[in-house]
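Asks: Sharing a model that was predicted from the sequence below.
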Amino acid sequence: MMTRARLASLALALAALPAALAARAEESGWSLLNMTPGVTQMSRHIYELHMEIFWVCVAIGVLVFGAMIWSLVRFRKSQGAIADVSMVHNTKVEIVWTIVPVIILIAMAVPAAKTLVEIEDTSKTELTIKVTGFQWGWNYDYLDDGVSYYSRLDRESDFARDLGSGIDPNTVPHYLLNVDHPLVVPVGTKVRLLITGADVIHSWWVPAFGVKKDAIPGFVNEAWFKVDADKPGLYRGQCAELCGRDHGFMPIVVDVRSKEDFAAWLKEKAAEQKQAAAPGQTPAPSAPPATASTAP
Ligand SMILES: [Cu+2]
């Protein structure tokens with residue numbers, strides 16, 4: 001029999017296990033197999049929810065398989081165990097194995113619902129960008145500023161991907177993950193995306209933001225993100241809905257800048273596009289240019 005003190009220390013050790021394992025995983029590189037916490041508050045909440053549920057599953061797995069293996073070993077035939085064929089119904093046990101899972105499910109539903117509500121909360125956004133998925137690229141419209149441009153696979157990747165191009169893809173930086181014109185957003189700002197599709201269903205996915213939303217023709221889906229103030233940089237994603245021949249060739253790059261840099265960029269871009277659209281000049285194309293492909 002285990003003493004009370006030993007049980008208490010075992011419980012303490014078990015409680016500290018997740019944190020200890022997480023630290024170990026971080027050191028060894030095994031954490032790369034896990035979901036990443038990302039760079040937004042929402043992605044962190046999704047990560048925390050994922051870890052909570054994961055440890056619940058681990059505990060259930062250990063208990064269920066533990067009980068099963070223990071019973072198999074303890075009551076084996078060679079030790080003279082005789083199967084009990086008379087116990088076909090036990091009300092007490094049935095009540096317990098109904099109530100306990102219900103409690104576990106409710107305990108998991110509460111944090112899950114909280115996170116879902118946060119994901120759907122597009123109130124109080126500071127910047128709205130319309131994202132339109134095309135075969136095969138993305139159009140970004142800064143609705144309040146009249147800035148609109150098309151973002152597609154960068155030329156270098158595009159040339160290298162052609163059959164018989166003679167270019168070694170390993171020599172192309174960020175092969176198939178670079179675009180010509182990234183989406184530019186400011187840090188520490190709640191950005192709302194209005195996501196739609198122009199031809200078939202696409203999906204705008206940037207894992208570090210915890211955002212993956214379908215771009216469906218005829219529908220406008222909403223998503224939002226707010227990148228941590230101390231995490232400017234380049235973040236990459238891809239179309240996550242099989243959308244045709246070049247589905248694998250429509251990456252996403254988000255260039256997250258400081259608020260000042262972003263404001264300067266937006267001003268410059270707006271002036272540039274205004275000038276391009278001025279009378280006497282060729283108007284800026286509102287539709288994306290045809291995807292250049294050398295495929296026959
Ligand atoms: Cu797509």
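Replies: Received the coordinates, thanks.
Asks: The helix ranked longest in the chain packs against which elements?
Replies: Secondary structure of the chain per DSSP state H: the longest helix is helix 41-74. Identification of packing neighbours for helix 41-74 by 3 or more Cβ pairs under 8 Å, 6 or more residues apart in numbering; DSSP states H and E yields helix 4-28, helix 91-120, strand 221-225. To be clear about C-beta, it is placed using only N, CA and C from the backbone, and glycine gets the same treatment.
Asks: Pull out the buried residues from it.
Replies: Applying a neighbour-count criterion of 16 or more other Cβ atoms under 10 Å, the buried positions in helix 41-74 are M42, S43, H45, I46, Y47, L49, E52.
Asks: Next: stretch 266-277.
Replies: Quick answer for stretch 266-277 (16+ other Cβ under 10 Å): L266, K269, Q273.
Asks: Give me every residue in the stretch 1-150 of the chain lying close to the ion.
Replies: Counting by Cβ under 5 Å from the ion, the stretch 1-150 of the chain comes close to the ion at no residue.
Asks: Kindly recompute the last result at 6 Å.
Replies: G133 (Cβ under 6 Å from the ion).
Asks: what about the residue of the stretch 1-150 of the chain found nearest the ion, neighbour count?
Replies: Nearest to the ion in the stretch 1-150 of the chain, going by Cβ to the ion, is G133, at a distance of 5.4 Å. By other Cβ atoms under 10 Å, 26 other residues sit near G133.
Asks: quick one: contacts for it?
Replies: 195-199, 201-204, 215, 239, 243, 250 (Cβ atoms under 8 Å, 6 or more residues apart in numbering).
Asks: can you do 10 Å?
Replies: 139, 195-204, 214-217, 239, 241, 243, 250 (Cβ atoms under 10 Å, 6 or more residues apart in numbering).
Asks: which among these end up buried?
Replies: Judged by 16+ other Cβ under 10 Å, buried ones among these: 139, 195-197, 200, 202-204, 214-216, 239, 241, 243, 250.
Asks: Low-confidence bits of this structure, can you list those?
Replies: 1-3, 7, 11-14, 18, 21-22, 25, 280-296 (pLDDT under 70).
Asks: one more time with 50
Replies: Scanning the chain for pLDDT under 50 picks out 1, 283-284, 292-296.
Asks: If we ignore the residues flanking it in sequence, what's nearest P207?
Replies: Closest residue in space to P207, ignoring its immediate chain neighbours: G237 at 6.3 Å, by Cβ to Cβ, 6 or more residues apart in numbering.
Asks: Wait, the one you found touches K213, no?
Replies: No. Contact criterion Cβ atoms under 10 Å: G237 and K213 do not qualify, at 11.0 Å.
Asks: Would you mind listing the residues touching both of these two?
Replies: Counting by Cβ under 10 Å, 6+ apart, the residues touching both G237 and K213 are S203, W204, W205, V206.
Asks: Sweet, I'm off.
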